[in-house]
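[1] Predicted model and sequence follow; I will ask about them next.
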Protein chains: 2
Amino acid sequence: MENHAVIDFAFAHSHCQQCSLFPYCQPTVKRCGETEKFHEIKTQNLKIERGEHLFRENSPFNAIYSIRSGSFKTYTNSEFGKEQILGFYFSGTLLGLNALSTMQHIESALALETCSVCKISLEQLEKLKSSIPAVQPALLRILSEEIQYNHQQLLMISKKSAEARLAKFLLTLSNHFRKRGFSATEFNLSMTRNDIAGLLGLAVETVSRIFTHFQEAGLLTVNRRNIVLLDIDGLMKSSSEHTAQPLDNYIVQKKVAS
Amino acid sequence: MENHAVIDFAFAHSHCQQCSLFPYCQPTVKRCGETEKFHEIKTQNLKIERGEHLFRENSPFNAIYSIRSGSFKTYTNSEFGKEQILGFYFSGTLLGLNALSTMQHIESALALETCSVCKISLEQLEKLKSSIPAVQPALLRILSEEIQYNHQQLLMISKKSAEARLAKFLLTLSNHFRKRGFSATEFNLSMTRNDIAGLLGLAVETVSRIFTHFQEAGLLTVNRRNIVLLDIDGLMKSSSEHTAQPLDNYIVQKKVAS
DNA sequence: CGAAGCGTTGAGTGCTTTCAATAGTTGTGG
DNA sequence: CCACAACTATTGAAAGCACTCAACGCTTCG
């Protein structure tokens, strides 16, 4: 899964190797010997400071962005005063792609820390698609993965207890860091308690309280943004607890298709 | 928006006119004079009885389905015993498309009543894509719309009160029916209270109670599956009520991009 | 050093859930 | 065709989880 880093793709921009489009377009580029086409794609390297927006909800769709370093939160502001965090994103992730349907962004993206992003304008994306056939399916794939992620979020928020949600959140983060070669047990959060609460559909105080519960239970150590996971198994157990609700209805198949 | 029904597309399969792919592929087909290619696409008409599955979570991705009549619910079964309803779908909707990423279905689709669906196998879809260029962007568009829908669901479940959720649900249904030429104020639900509860992240009893609340408040009349909306404005007002939570943090932009 | 934002903790409330009981509805088999 | 079983829907009472309100340290930054 991380083997791109090992192989030397001399033809590619060095920073491309962590782009989420790279694993899809790279083999095709190589096979077709069209490496020169790859270099025709002009991307723009941007530095985004903490608190800055990469794009905002309802703004026109000009480009997609691949995160090279740092982290973002995406959110929507529905009816006045409400902010739903949709997700936190780290390096290698593509942001803004889901604006394809309306050609307007359906979410806002805000930097949680100083970030470096690769901006791929719409026209460059078009060029990329036409020169590299594998890109289009990759886009479909990425969108489809996002849907899957949303389903999981939905399920978590509507069926799991507050403790289970936070436990799950921490484990997901832990996995992220582990996959990227960082410590899976000790890390610093780039988001506030408020953001976490917004993602998990909880109140800030609840998040805070559960952190201390977990600490008292010996599952982790928490000091502001610094987290040390002490008992991964315990967290996994906690994350699978739910607020009950049997619901074994309907699953029986009644007839065979005609 | 409904003008396809007026124009006579003699070249198209008659039932195609309500397919969600039709508005995208049809103009291109016509412009290119490639109507004969359209007929090369072999689709299969299926009848699905109530309680039958169109496909199940984790089953291999063989085809997508366009609903011609009837209604479906989609759901996932995460950890044992849990069922999260993802949505209810009516005629004109495309089901199964989001299996594209994993080539396995990420949700189950179950008929709520006797349904007629148009099955488009994967290979036929490929043929369609290659002969009609507008289809591929249409697929992206549909996926992107589903993401937007999921965001709304997420926001609703994590931020709105139980009453607001049910009100919103009824209004959405009402809109659906209105757009399809049915009564926007009187209709029969094809789903159970359990299903509604599953969609909205509530307990069955809560759904039932709120129905009677609404009836007592004069907003609607309810008798089992039969619903008559009496006060749309009242419902809209109810649907925008939330459980509070100000959250005006973070929105300030701190610097300008470098 | 003061202001503003972030995080924690406590007390009390309440919305929603759970448990439980009852009826209406549907479908199947004797 | 009736009766029983299974499912669906409603209603009541009680409990609990998470929220709101409020106050207070801690940290950051101008």
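    Arrived safely.
[2] Look at residue A:226 and say how many residues are nearby.
    With neighbours defined by other CB atoms under 10 Å in any protein chain shown, the count for residue A:226 comes to 11. From N, CA and C alone the C-beta is placed, and that goes for glycine too.
[3] How about the backbone phi and psi for it?
    In terms of degrees, to the nearest 10, the main-chain angles of residue A:226 are phi -90, psi 130.
[4] With the one 5 residues further on instead?
    Summarising the backbone geometry of residue A:231 under the convention degrees, to the nearest 10, its torsions are phi -140, psi 80.
[5] Could you list every helix and strand in contact with the helix or strand encompassing residue A:109?
    Per DSSP states H and E: residue A:109 is located in strand A:108-111. Strand A:108-111 is packed against strand A:53-55, strand A:72-76, with contacts defined by 3 or more CB pairs under 8 Å, 6 or more residues apart in numbering or on different chains; DSSP states H and E.
[6] Out of the ones you listed, flag the one nearest DNA strand D.
    Nearest of those to DNA strand D, taken as CB to the nearest atom of the strand: strand A:72-76 at 16.6 Å.
[7] Send me the helix or strand containing residue A:197 as CSV with only the CA atoms.
    Here residue A:197, judged by DSSP H and E, is contained in helix A:193-200. Taking Å, rounded to 0.1, in the frame of the first residue of the first chain, the C-alpha atoms of helix A:193-200 are listed here in CSV:
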residue,chain,number,x,y,z
ARG,A,193,-12.8,20.1,21.1
ASN,A,194,-15.5,22.1,19.3
ASP,A,195,-14.5,20.6,16.0
ILE,A,196,-14.6,17.1,17.4
ALA,A,197,-18.0,17.8,18.9
GLY,A,198,-19.1,19.1,15.6
LEU,A,199,-18.0,16.0,13.7
LEU,A,200,-19.5,13.6,16.2
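[8] Pop out the phi and psi values for the residue in the stretch 51-200 of chain A positioned nearest to DNA strand C.
    For the stretch 51-200 of chain A and DNA strand C, the shortest gap (CB to the nearest atom of the strand) falls at residue A:192, measuring 3.2 Å. With angles defined as degrees, to the nearest 10, residue A:192 sits at phi -80, psi 170.
[9] separation between it and chain B?
    8 Å (CB to the nearest CB, to the nearest Å).
[10] cool, residue A:152 as well?
    To chain B, residue A:152 is 8 Å away according to CB to the nearest CB.
[11] Tell me the confidence at the spatially most central residue of chain A?
    In chain A, the residue lying closest to the centroid (CA atoms, centre = their mean) is residue A:89, at 3.9 Å. pLDDT, residue A:89: 97.
[12] Check residue A:223 too.
    96.
[13] Need phi/psi at it.
    Note on residue A:223: its backbone torsions stand at phi -140, psi 100 [degrees, to the nearest 10].
[14] and it, how many residues sit next to it?
    Using other CB under 10 Å, residue A:223 has 10 other residues around it.
[15] gap between it and residue A:57?
    34 Å (CB to CB, to the nearest Å).
[16] can you check residue A:74 too?
    For residue A:74 relative to residue A:57 (CB to CB), the value is 9 Å.
[17] shared neighbours of these two, which are they?
    A:107, A:108 (CB atoms under 8 Å, 6 or more residues apart in numbering or on different chains).
[18] What's the biggest helix in chain A, counting residues?
    In chain A, assigned by DSSP state H, the helix with the most residues is helix A:135-159.
[19] Show me how far it is from its chain's centre.
    Relative to its parent chain, helix A:135-159 has a centroid offset of 10 Å by CA atoms, centre = their mean, to the nearest Å.
[20] And that helix, what does it pack against?
    Against helix A:135-159 (3+ CB pairs under 8 Å, 6+ apart) you get helix A:22-32, strand A:84-89, helix A:122-131, helix A:162-179, helix A:193-200, strand B:84-89, helix B:135-159.
[21] send the alpha carbons of the helix or strand harbouring residue A:64 over as CSV?
    Assigned by DSSP H and E, residue A:64 belongs to strand A:63-69. C-alpha atoms of strand A:63-69 as CSV (Å, rounded to 0.1, in the frame of the first residue of the first chain):
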residue,chain,number,x,y,z
ALA,A,63,-10.1,23.5,-8.8
ILE,A,64,-9.5,20.5,-6.7
TYR,A,65,-6.8,20.4,-4.1
SER,A,66,-4.5,17.6,-3.0
ILE,A,67,-3.2,18.1,0.6
ARG,A,68,0.6,17.8,0.7
SER,A,69,1.0,18.6,4.4
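[22] circling back to that earlier point, give me whichever of the helices and strands packed on strand A:108-111 is most buried.
    Compared across these, strand A:72-76 shows the largest average neighbour count, a mean of 24 (mean count of other CB atoms under 10 Å in any protein chain shown).
[23] Indicate the residue of the stretch 51-200 of chain A located nearest to chain B.
    Closest contact between the stretch 51-200 of chain A and chain B, by CB to the nearest CB, is at residue A:158 (2.9 Å).
[24] In contact with that residue: list those residues for me.
    Neighbouring residues of residue A:158 by CB under 8 Å, 6+ apart: B:84, B:157, B:200, B:201.
[25] residue contacts, the first one?
    Residues in contact with residue B:84 (CB under 8 Å, 6+ apart) are A:151, A:154, A:155, A:158, A:159, B:75, B:76, B:77, B:78, B:198.
[26] Now do the strand holding residue A:64 against strand A:84-89, angle only.
    Calculated by axes from the mean of the first three to the mean of the last three CA atoms, to 10 degrees, strand A:63-69 forms an angle of 60 degrees with strand A:84-89.
[27] For strand A:63-69, which strands pair with it and how are they oriented?
    strand A:94-95 (antiparallel), strand A:115-121 (antiparallel) (DSSP bridges).
[28] Go through that strand and flag the buried ones.
    A:63, A:64, A:65, A:66, A:67, A:68 (16 or more other CB atoms under 10 Å in any protein chain shown).
[29] do stretch A:193-207 as well
    A:193-204, A:206-207.
[30] Equivalent analysis for stretch A:90-100, please.
    A:90, A:91, A:92, A:93, A:94, A:95, A:96, A:97, A:98, A:99, A:100.
[31] Name the residues that touch that stretch?
    With CB under 8 Å, 6+ apart as the test, stretch A:90-100 has contacts from A:18-21, A:54-55, A:61, A:63-72, A:74, A:89, A:105-107, A:109, A:117, A:139, A:142-143, A:146, A:176, A:180, B:137, B:140-141, B:144, B:147-148.
[32] okay, the helices and strands packed on strand A:108-111 in a markdown table with distance to residue B:164 and mean pLDDT next?
    As requested, the helices and strands packed on strand A:108-111 are exported to a markdown table (distance: least, CB to CB, whole Å; pLDDT from 0 to 100):
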| stretch | distance to residue B:164 | mean pLDDT |
| --- | --- | --- |
| strand A:53-55 | 29 | 96 |
| strand A:72-76 | 17 | 96 |
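[33] Kindly present the ones you listed as a markdown table, with separate columns for distance to DNA strand D.
    Output for those, formatted as a markdown table (distance: least, CB to the nearest atom of the strand, whole Å):
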| stretch | distance to DNA strand D |
| --- | --- |
| strand A:53-55 | 18 |
| strand A:72-76 | 17 |
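[34] Now chain A against DNA strand D: closest residue?
    Among all residues of chain A, residue A:206 sits closest to DNA strand D, at 3.0 Å; criterion: CB to the nearest atom of the strand.
[35] circling back to that earlier point, which of the helices and strands packed on helix A:135-159 has the lowest average pLDDT?
    helix A:22-32 (a mean of 66).
[36] The longest helix of chain A vs helix B:193-200, what angle?
    Using the same axes, to 10 degrees: helix A:135-159 against helix B:193-200 is 110 degrees.
[37] what comes up buried for helix A:135-159?
    For helix A:135-159, burial by neighbour count (16+ other CB under 10 Å) applies to A:135-136, A:138-148, A:150-159.
[38] ok, is it in contact with DNA strand C or not?
    No: Helix A:135-159 stays clear of DNA strand C (CB under 7 Å from any atom of the strand), getting no nearer than 8.0 Å.
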